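Student: I'll drop the sequence and a predicted model, then ask my questions.
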Amino acid sequence: MAFYKKSRLKSNGKWYPRSIVVGDSATTDDVANRLAEISTVSLGDTYNVLKNLSTVLKSFMKEGRSVKLDGVGTFYYTADATKQGVDTPEEVSDKQIKGVRVRFLPETARTSSGKVSTRALVDDDIQWLDIAKLDPAKKSTGTTTPGGSEQGGGGEDEGEEGTYG
């Protein structure tokens with residue numbers, strides 16, 4: 001079950017549902033356990049693969065390649081250049097690169113109608129629950145992290161705040 005809270009965008013005064021993350025992040029151990037449960041691979045092997053994934057991704061991206069994981073998405077490097085551009089192409093050099101970022105594009109898929117593009121990491125049957133309706137006895141001292149939404153996301157909001165676990 002996914003959760004949302006009611007929040008008001010200060011820029012237009014309208015109310016929107018805003019997705020939130022409840023409780024602690026799933027860890028590498030959690031993911032390894034879940035993968036081991038649904039596959040024939042042992043827990044130890046699954047854990048080791050996950051621990052080494054960043055090293056492998058880094059090695060491919062360091063070669064200038066992107067990495068596409070089916071059903072997940074594509075990882076690639078982008079260079080952050082200094083704000084001072086140069087006047088000619090001949091002056092462009094690696095000295096202008098001040099940092100590197102890893103970008104991620106979730107995999108997309110089209111429905112049979114071809115009109116709607118959906119993210120592969122999103123189930124069609126997500127059930128959303130207003131966090132305010134959660135049984136107070138189940139609320140704990142964990143934190144909530146605001147998520148994004150297509151509508152109304154990205155702005156300052158008002159509304160129900162709190163910590164839930």
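Tutor: All right, it came through fine.

Student: could you list the buried residues of the longest helix along the chain?
Tutor: For the chain, the longest helix by residue count, based on DSSP state H, is helix 43-62. For helix 43-62, a neighbour-count test (16 or more other Cβ atoms under 10 Å) marks 46-47, 57, 61 as buried. (Glycine included, C-beta is placed from N, CA and C.)

Student: correct me, but residue 103 touches residue 73?
Tutor: No. With contact defined as Cβ atoms under 8 Å, residue 103 does not count as touching residue 73 (10.0 Å).

Student: neighbour count: those two, which is higher?
Tutor: More neighbours surround residue 73 than the other of residue 103 and residue 73, with 17 against 12 (other Cβ atoms under 10 Å).

Student: how far away is the nearest residue to residue 18 once chain neighbours are set aside from residue 16?
Tutor: Nearest residue to residue 18 in three dimensions, chain neighbours excluded: residue 7, at 4.4 Å (Cβ to Cβ, 6 or more residues apart in numbering). According to Cβ to Cβ, to the nearest Å, residue 7 stands 6 Å off from residue 16.

Student: more neighbours: the two, which one.
Tutor: In this view residue 7 and residue 16 are compared by other Cβ under 10 Å, and residue 7 has more residues nearby, 23 against 19.

Student: state whether the more buried one is indeed within a strand.
Tutor: Yes. Counting by DSSP: H, G, I helix; E, B strand; the rest coil, residue 7 is located in a strand.

Student: what separates it from residue 131, distance-wise?
Tutor: Distance of residue 7 to residue 131, computed by Cβ to Cβ: 11 Å.

Student: which residues does residue 80 form a beta bridge with?
Tutor: Counting by DSSP bridges, residue 80 is bridged to residue 99.

Student: and it, how far from residue 34?
Tutor: From residue 80 across to residue 34, the span is 35 Å (Cβ to Cβ).

Student: what's the answer for residue 82, then?
Tutor: Going from residue 82 to residue 34 by Cβ to Cβ gives 43 Å.

Student: ditto for residue 20
Tutor: With distances taken as Cβ to Cβ, residue 20 is found 22 Å from residue 34.

Student: what do you get for residue 12?
Tutor: Separation of residue 12 from residue 34 (Cβ to Cβ) stands at 40 Å.

Student: show me the beta-bridge partners of the residue nearest to residue 18.
Tutor: Beta-bridge partners recorded for residue 7 (DSSP bridges): residue 16, residue 159.

Student: that one touches residue 20, doesn't it?
Tutor: No. In this structure, residue 7 is not within contact of residue 20 by Cβ under 8 Å, at 9.3 Å.
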